[in-house]
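> Build me a model:
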Amino acid sequence: MKSTLKTAYDFEMDKAKMKYAQGRFEACFKHLERAHILGQKFTFAHTMSHYWMLKVGLKIYDRKEVLGQLIRIVAAIVFSKVWVPKGNTGGSNVSAIMSLPIPDDLREYLDD
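Below you'll find the predicted structure:
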């Protein structure tokens, strides 16, 4: 992971963890979605974004999110290096195979 991308990913994860600690789970999840977009091509980063989404799902008692994240954690471990749908936010509210538009402010970190 190039340094600018890692810095952006770490920023989003740090914000997510801060919001999680504050009990602000909706705001936390938004940062996790952004971290997911940034890190999904990298197995560890991809898996960690799903792990934290799972933690949020457990905290808010969202069975759909918990089940979705358990499946996505396995998929992240297996598929991160092979194929990922660009821009996918990683939550169970979207198809795991659907590509989505990349937010403009994140696009600069993902230019190949």
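> C-terminal to the host helix or strand of L70, what's the next element?
Using DSSP states H and E, L70 sits in helix 63-79. Using DSSP H and E, the helix or strand that follows helix 63-79 towards the C-terminus is helix 104-110.
> Which residues does that following helix contact?
Helix 104-110 is contacted by residues 4-5, 8, 34, 37-38, 86, 102 when judged by CB atoms under 8 Å, 6 or more residues apart in numbering. Backbone N, C-alpha and C define where each C-beta goes, glycine included.
> Could you say which helix or strand holds the residue most central in space within the chain?
Computing the C-alpha centroid of the chain and ranking residues by CA atoms, centre = their mean puts H36 first, at 2.4 Å. Assigned by DSSP H and E, H36 falls within helix 25-39.
> Just the CA coordinates for that helix, please, in CSV.
Taking Å, rounded to 0.1, in the frame of the first residue of the first chain, the C-alpha atoms of helix 25-39 are listed here in CSV:
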residue,chain,number,x,y,z
PHE,A,25,-22.0,3.8,15.6
GLU,A,26,-23.6,5.4,12.6
ALA,A,27,-20.7,7.9,12.2
CYS,A,28,-18.3,5.1,12.9
PHE,A,29,-19.8,3.0,10.1
LYS,A,30,-19.5,5.9,7.6
HIS,A,31,-15.7,6.0,8.3
LEU,A,32,-15.5,2.2,8.0
GLU,A,33,-17.1,2.4,4.6
ARG,A,34,-14.6,4.9,3.5
ALA,A,35,-11.8,2.8,4.9
HIS,A,36,-13.2,-0.2,3.1
ILE,A,37,-13.1,1.6,-0.3
LEU,A,38,-9.5,2.6,0.3
GLY,A,39,-8.3,-0.8,1.6
